[in-house]
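Chemist: Got a predicted model here, sequence first, then my questions.
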Amino acid sequence: MTASASDASQIKPSWRATLKVYLEPPTLRMLMLGFSAGLPLLLVLGTLSFWLREAGIDRTTIGYLSWVGLAYAFKWVWAPLVDRIAIPVLTNWLGRRRSWLVLAQLAVMVGLVAMSFNDPRVALQPVVWGALAVAFGSATQDIALDAFRIESASTNRQAALAAAYQTGYRLAMIWAGAGVLWLAARAEVAGVASYQHGAWQSAYLVMAASMLLGLVTVLLSPEPAHSVMPKAKNLRAWLYGALIEPFADFLQRYGRQALLILALIAIYRISDVVMGIMANPFYVDMGYSKDEVAAVTKIYGVIMTLAGAFVGGAMAMRWGVMRVLMLGAFLSAATNLLFAWLGSRGHDVVALIFVISADNLSSGIASAAFIAYMSSLTNTRYSATQYAIFSSMMLLAPKFLAGYSGRYVDAYGYQNFFIATAILGLPVLLLVGLASRIKSP
């Protein structure tokens, strides 16, 4: 390569060229598919708990049912199957990635319909089985979609695709959070008792229909180019290729540095995840109304997260993923201190808006950079399996620790809790600094 060619390759794109990537077809497709990915999560966790409580289900049972969400943390177990197994008829018609996306989206839709037609006050078990179908379908969709995204564009566009994905994801969370409550409230019959199963049934049927946006997008999208897997000679060879090779490939490419990378992935979002478990109880205890919390945290807060995702994606493209990863880690920890300050303000909506603005903007920046970073670590031959491992790892330790957050608040109070969660972010800064020295293989 000549000197002039080398210099040209180092020229940074203009801001106009950088932002233009958000109008490219792969980015727009990821916006729609991000919506499909974000819709099911609250419907089997946050929104479902609201529905169950209104139906008179006790809090202990609701807590146990939150374990349905563990499907997302253990999706790496069946990720090799999604990466390697062909679905009869569908794969020949749609290709490997799109066939799994369609199957997963149909599972989510069927699960939501099943949940809607069962009243938890009368029979809770069918609702649970429906929620499990939604959770496993949603987790499978995540596996296939991560591979689809990674294989749909070059490395320098992954941050933009991640930002578009997050945008769709957050919009879906508004729809599945504030939207479903709005739909259920509008479907209630005036003058009837507060709990009406028919209202929730209508809302969940609308949510099932909303999955059609992702389904149509998949059907109209091209199958991305990916490595062709050689046919295994026997079952042992197939299991080795599906289960062992993806793990071995990552370890071979990064050697001893793989442990550092895995440690960073395991704790990068620990401040946000641990703090987030106590956020809603904090709002209640501080006297904020449901309308205030919905408007500020579920609608305005999501908009700020979207803004952060776009800013983070653009900054990562211009300045590099690792620099933005460091910035996101610092901001995520620092903004938890603002919640400690908010706790001293009492019922102050203006202060709540300020804190949510800073916290969600920081979360969007950190998430865009983190997704781009994990994407850059995968080998396209095993993208579904490897990314599933990374995205599962980033939840296990934080979610386990977050289980003790309520006990900590009871013992030491909210302000000390928020300060402690900020301190949890300090090791992350060290790991990002060390990981930034690792050269790509």
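Modeler: Happy to help now that I have it.

Chemist: ok, which stretches of the stretch 301-441 of the chain are helices?
Modeler: Using DSSP state H, counting those that start in this stretch, the helices of the stretch 301-441 of the chain run over residues 301-319, 321-342, 349-377, 383-402, 405-412, 414-424, 426-435.

Chemist: Let me know which of those helices is the nearest to residue 52.
Modeler: Ranking these by proximity to residue 52 (CB to CB) places helix 405-412 first, at 18.5 Å. (C-beta placed from N, C-alpha, C; glycine too.)

Chemist: Show me what the closest one packs onto, helices and strands only.
Modeler: Secondary-structure packing of helix 405-412 (3 or more CB pairs under 8 Å, 6 or more residues apart in numbering; DSSP states H and E): helix 270-277, helix 414-424.

Chemist: angle of it against helix 414-424?
Modeler: Relative orientation of helix 405-412 versus helix 414-424 (axes from the mean of the first three to the mean of the last three CA atoms, to 10 degrees): 120 degrees.

Chemist: Could you tell me the average pLDDT over helix 405-412, please?
Modeler: Regarding helix 405-412, the rounded mean pLDDT is 77.

Chemist: next one: it to chain centre, how far?
Modeler: Centre-to-centre, helix 405-412 and its host chain are 26 Å apart (CA atoms, centre = their mean, to the nearest Å).

Chemist: One more: stretch 259-278?
Modeler: The chain centroid and the centroid of stretch 259-278 are separated by 13 Å, computed with CA atoms, centre = their mean.

Chemist: same check, this time on stretch 317-330
Modeler: With CA atoms, centre = their mean, you get 19 Å for stretch 317-330.

Chemist: Could you give me the buried positions within that stretch?
Modeler: Across stretch 317-330, burial judged by 16 or more other CB atoms under 10 Å covers 317, 321, 322, 324, 325, 326, 327, 328, 329, 330.

Chemist: For it, list the C-alpha coordinates in PDB.
Modeler: This file holds the C-alpha atoms of stretch 317-330, laid out as PDB (Å, rounded to 0.1, in the frame of the first residue of the first chain):
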ATOM      1  CA  MET A 317     -17.800   5.700  14.300                       C
ATOM      2  CA  ARG A 318     -15.700   8.900  14.600                       C
ATOM      3  CA  TRP A 319     -13.600   8.400  17.700                       C
ATOM      4  CA  GLY A 320     -13.500   4.600  18.100                       C
ATOM      5  CA  VAL A 321     -15.500   2.200  20.200                       C
ATOM      6  CA  MET A 322     -13.100   1.900  23.100                       C
ATOM      7  CA  ARG A 323     -13.100   5.700  23.900                       C
ATOM      8  CA  VAL A 324     -16.900   5.800  23.900                       C
ATOM      9  CA  LEU A 325     -16.900   2.600  26.000                       C
ATOM     10  CA  MET A 326     -14.800   4.300  28.600                       C
ATOM     11  CA  LEU A 327     -17.000   7.400  28.500                       C
ATOM     12  CA  GLY A 328     -20.200   5.300  28.900                       C
ATOM     13  CA  ALA A 329     -18.700   3.400  31.800                       C
ATOM     14  CA  PHE A 330     -17.900   6.600  33.600                       C
END
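
Chemist: pLDDT score for the closest residue in space to residue 283 that isn't next to it in sequence?
Modeler: For residue 283, ignoring the flanking residues on the chain, the nearest one in space by CB to CB, 6 or more residues apart in numbering is residue 293 at 4.9 Å. You'll see residue 293 listed with a pLDDT of 70.

Chemist: in which helix or strand would I find residue 293?
Modeler: Here residue 293, judged by DSSP states H and E, is contained in helix 290-293.

Chemist: which secondary structure elements does that helix contact?
Modeler: Helix 290-293 makes packing contacts with helix 279-285 when contacts are defined by 3+ CB pairs under 8 Å, 6+ apart.

Chemist: The residue nearest to residue 43 when sequence neighbours are not counted and residue 36, how far apart?
Modeler: Distances taken as CB to CB, 6+ apart place residue 176 nearest to residue 43, at 5.3 Å, with adjacent residues excluded. Here residue 176 is placed at a distance of 11 Å from residue 36 (CB to CB, to the nearest Å).

Chemist: if we can go back for a sec, mind checking which of the helices of the stretch 301-441 of the chain is nearest residue 135?
Modeler: Across the helices of the stretch 301-441 of the chain, residue 135 has its closest neighbour in helix 383-402 (13.2 Å, CB to CB).

Chemist: If you count neighbours, what's buried in that closest one?
Modeler: Within helix 383-402, the residues that qualify as buried are 383-395, 397-399, 401-402, counting by 16+ other CB under 10 Å.

Chemist: And stretch 265-280, by the same measure?
Modeler: Buried residues in stretch 265-280, counting neighbours by 16+ other CB under 10 Å, are found at 265-279.

Chemist: of the helices and strands packed on helix 405-412, which approaches residue 363 most closely?
Modeler: helix 270-277 (6.0 Å).

Chemist: Just the residues contacting the closest one, thanks.
Modeler: Outside helix 270-277, the residues that touch it by CB atoms under 8 Å, 6 or more residues apart in numbering are 332-333, 336, 339, 363, 366, 395, 397-399, 401-403, 405-406, 417-418, 421-422, 424-425, 428.

Chemist: list the contacts for residue 370?
Modeler: 268, 269, 325, 328, 394.

Chemist: do you know how far the third one is from residue 134?
Modeler: According to CB to CB, residue 325 and residue 134 sit 32 Å apart.

Chemist: got the contact list for the spatially closest residue to residue 121 that is not a sequence neighbour?
Modeler: Distances taken as CB to CB, 6+ apart place residue 55 nearest to residue 121, at 4.4 Å, with adjacent residues excluded. Taking CB under 8 Å, 6+ apart as the criterion, residue 55 is in contact with 119, 120, 121, 195, 197.

Chemist: that older thread, so which of the contacts of residue 370 is the closest to residue 84?
Modeler: Nearest to residue 84 among these: residue 394, at 23.4 Å, using CB to CB.
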